[in-house]
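# Next comes the sequence, and after it the predicted model I'd like to discuss.
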Amino acid sequence: MNGSIWNKWICAVLISTGLLACKAKKAIVAVPKTGGTAVVNNRKSENLAMLKKNDLSFNTLSLKGKASLSINGNSNNVNMNIKIKKDEMIWVSVTAIAGIEVARVLITPDSIKVRNNFQGVYLKKPFDYVHAYANKQVSFKLLQSVLSGNTIDDFMVAQSELGQQNGVWELKGQQQDLAYRVVFNTLLKVSENNLNDVKSGKALKVVYGDYQKVIDELFPSNMQISSLAGIKQVDIQFDFSKIERNVPLDFPFSVPKKYEVIN
């Protein structure tokens, strides 16, 4: 098996698992261009709590839709089924348009498992394997927050700068080598995440669009992701067609004996 091809494939899976770009068929809640009734005061802790309370609350989350993945200009369209059990696991099934499952992924706070059905190979690594493609501060909870359109806990701290720019809230700061800038929209939801590794030059931008109501809470209908690491450019667009919160979910993951285990 060509190692270069596998590296590109696993890179795309890891990025798409943690950071998806989406375009929804039907926006239920549009983001107002102006407005916002937030009370502005000088107490950062209260303002952080005000923004944090708009996060989507869930125990389980199920996302289904179509994704367009472009790696260095080469594009592919797939269907994706993503399931999250909060703080425990993220499960992803990638299916070709013809209905054939191409890959299945299971991520926990400790490990990453990838089953490549197309090539009949299986990868199992500790979670920090993702740091080969992203900043070392990328954690399971960060991936979970990005997938759910929620704030990232590590950034919602007193050390961050918080203020209003052009009528919307903006949060920014730096933790070790990771510089971040988070923009909130007039619904007080995260509208944009910008992460930059100041040493390696790796950059990631995630933009959230219109929203759907999921049991009276808002979830982004579309996301757009751009990732740059050296000469590798990855862009993803995703269309969420079905979103379910707090429903019973299973997370099946098994590996046929005939599959080759690779490093």
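Structure received.
# make it CA atoms for all contacts and neighbour counts henceforth
Noted.
# Helices along the stretch 101-250 of the chain, start to end?
Using DSSP state H, counting those that start in this stretch, the helices of the stretch 101-250 of the chain run over 140-148.
# Average pLDDT for stretch 52-62, rounded please.
Summarised as a single mean, pLDDT over stretch 52-62 is 96.
# And that stretch, end to end?
22 Å (CA to CA, to the nearest Å).
# Let me know whether S241 touches G65 as I believe.
Yes: counting by CA atoms under 8 Å, S241 does reach G65; the two are 4.8 Å apart.
# More neighbours: which of those two?
More crowded of S241 and G65, by other CA atoms under 10 Å: G65, with 19 against 14.
# give the contact list for the more buried one.
79-81, 238-242 (CA atoms under 8 Å, 6 or more residues apart in numbering).
# possible to save these as JSON lines with pLDDT?
Output for those, formatted as JSON lines (pLDDT from 0 to 100):
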{"residue": "N79", "pLDDT": "91"}
{"residue": "M80", "pLDDT": "90"}
{"residue": "N81", "pLDDT": "93"}
{"residue": "F238", "pLDDT": "81"}
{"residue": "D239", "pLDDT": "81"}
{"residue": "F240", "pLDDT": "86"}
{"residue": "S241", "pLDDT": "87"}
{"residue": "K242", "pLDDT": "90"}
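# between those residues, which is nearest N150?
F240 (16.2 Å; CA to CA).
# after the lowest-mean-pLDDT helix or strand in the chain, next one along is what?
Every helix and strand of the chain was ranked by mean pLDDT, DSSP states H and E. The lowest is helix 3-18, at a mean of 50. Using DSSP states H and E, the helix or strand that follows helix 3-18 in sequence is helix 44-52.
# buried sites along that following helix?
Neighbour counts over helix 44-52 (16 or more other CA atoms under 10 Å) mark 44, 47-48, 51-52 as buried.
# and what of stretch 244-262?
Quick answer for stretch 244-262 (16+ other CA under 10 Å): 245, 255.
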